[in-house]
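Asks: Here is the input, now give the coordinates:
(one chain, ligands or ions: 1)
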Amino acid sequence: MSDAIVVVDDLTRTYSSGGGDVAALAGVTFSLPAGALIALVGRSGSGKTTLLNCLGGLDTPSSGRVVVDGTNVGSLDDRARTELRRDRVAYVFQTFGLVPMLSAAENVGLPLRMRGVDSREREARVAELLDRVGLADHARQRPAELSGGQQQRVAIARALANAPKVLIADEPTGQLDAETGESIMALLEDLVRTQGMTAVIATHDLRIRERADVVLVLSDGRLVDGGRMPAAGRHRG
Ligand SMILES: Nc1ncnc2c1ncn2[C@@H]1O[C@H](COP(=O)(O)OP(=O)(O)OP(=O)(O)O)[C@@H](O)[C@H]1O
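Replies: Numbering: from 1, shown residues only. Purely as a prediction, here's the structure:
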């Protein structure tokens, strides 16, 4: 499986809480091809967020291995983890996570600023990214001046800023009406197909199954479907 961009091997994550240990993930194994759209589904509490957080280095496995783009995420020190999150794995959240005081353009430019990209190059890249998500005319607006769907587009543009190999999205349409949610899913699919990025999208929206190359189904912390890697993603280049 040399072209796997994500390899998860016997991953467990156990939380200790007042009522005893909770096995949020219990022996999850799968591989994902580069350039694929992955839907992660399962009932509330099945472990979706925990899995995404382990992929993105926001949470640490109790045991098992998570390899993203050749890097063993579980064994990274803080600096390497920060670099992974800055350069190779990007997140999109249900609640958008934009900085309220900054304009759309400034929000999108933040990851570039953090990487030390100079202002001229940053401006060009931000304009390109906003155009890519259909917001070229909204660059100066702050999040509160944008609709929910537009805010999520800004968050997606920001996630794309450093050209990540893997985009992780946790319920990206959870706060949006059905039609707006559909347009966000269509945008994410289009980005996967045209940029060769892999997107892992946790969602309750079953329509994503129609778009996805792989559907991972979690139940009580176990993968009950989708562990096998298909031949390849449908990257159109
Ligand atoms: N920090 C924590 N401490 C204790 N238990 C936790 C913690 N985070 C998650 N859990 C538990 O782990 C299990 C999986 O939670 P997780 O948030 O990954 O599920 P989910 O599938 O994303 O749910 P939802 O669809 O509701 O977001 C749940 O039983 C949850 O209560």
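
Asks: so where do the strands sit in this protein?
Replies: 4-17, 20-33, 37-41, 63-68, 71-72, 89-93, 166-170, 198-202, 214-219, 222-225 (DSSP state E).

Asks: Dump those into a markdown table; add mean neighbour count as well.
Replies: The C-beta positions use only the backbone N, C-alpha and C, and glycine is treated the same way. Formatted as a markdown table, the strands of the chain follow (neighbours: other Cβ atoms under 10 Å):
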| stretch | mean neighbour count |
| --- | --- |
| strand 4-17 | 17 |
| strand 20-33 | 18 |
| strand 37-41 | 25 |
| strand 63-68 | 18 |
| strand 71-72 | 14 |
| strand 89-93 | 22 |
| strand 166-170 | 24 |
| strand 198-202 | 27 |
| strand 214-219 | 20 |
| strand 222-225 | 16 |
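
Asks: Pipe those into JSON lines and attach distance to residue 53 per row.
Replies: Converted to JSON lines, those look like this (distance: least, Cβ to Cβ, whole Å):
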{"stretch": "strand 4-17", "distance to residue 53": "8"}
{"stretch": "strand 20-33", "distance to residue 53": "10"}
{"stretch": "strand 37-41", "distance to residue 53": "12"}
{"stretch": "strand 63-68", "distance to residue 53": "10"}
{"stretch": "strand 71-72", "distance to residue 53": "16"}
{"stretch": "strand 89-93", "distance to residue 53": "9"}
{"stretch": "strand 166-170", "distance to residue 53": "8"}
{"stretch": "strand 198-202", "distance to residue 53": "10"}
{"stretch": "strand 214-219", "distance to residue 53": "13"}
{"stretch": "strand 222-225", "distance to residue 53": "16"}
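
Asks: With mean pLDDT added, can I get those in CSV?
Replies: Putting the strands of the chain into CSV (pLDDT from 0 to 100) gives the following:
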stretch, mean pLDDT
strand 4-17, 94
strand 20-33, 94
strand 37-41, 95
strand 63-68, 95
strand 71-72, 92
strand 89-93, 92
strand 166-170, 95
strand 198-202, 96
strand 214-219, 94
strand 222-225, 90
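
Asks: Now for the residue lying closest to residue 97 once chain neighbours are set aside: which residues touch it?
Replies: For residue 97, ignoring the flanking residues on the chain, the nearest one in space by Cβ to Cβ, 6 or more residues apart in numbering is residue 155 at 6.2 Å. Listed by Cβ atoms under 8 Å, 6 or more residues apart in numbering, the contact partners of residue 155 are 92, 93, 96, 97, 98, 107.

Asks: How about residues contacting the lowest-mean-pLDDT helix or strand in the chain?
Replies: The helix or strand of the chain with the lowest confidence, counting by mean pLDDT, DSSP states H and E, is helix 208-211 at a mean of 82. The contact list for helix 208-211 (Cβ under 8 Å, 6+ apart) reads 37, 39, 41, 185, 186, 189, 201, 215.

Asks: Distance from stretch 206-220 to the middle of the chain?
Replies: Stretch 206-220 sits 15 Å away from the centroid of its parent chain (Cα atoms, centre = their mean, to the nearest Å).

Asks: end to end, how far does it reach?
Replies: Counting by Cα to Cα, to the nearest Å, you get 19 Å between the two ends of stretch 206-220.

Asks: Residues of this protein that sit close to the ligand?
Replies: Within reach of the ligand by Cβ under 6 Å from any ligand atom, the chain has these residues: 15, 17, 22, 24, 42, 44, 45, 46, 47, 48, 49, 50.

Asks: in this structure, which residue is closest to the centre?
Replies: Geometric centre of the chain, nearest residue: residue 168, 1.0 Å, by Cα atoms, centre = their mean.

Asks: Enumerate the positions of stretch 125-140 that are buried.
Replies: 125, 126, 129, 130, 132, 133, 135, 138, 139 (16 or more other Cβ atoms under 10 Å).
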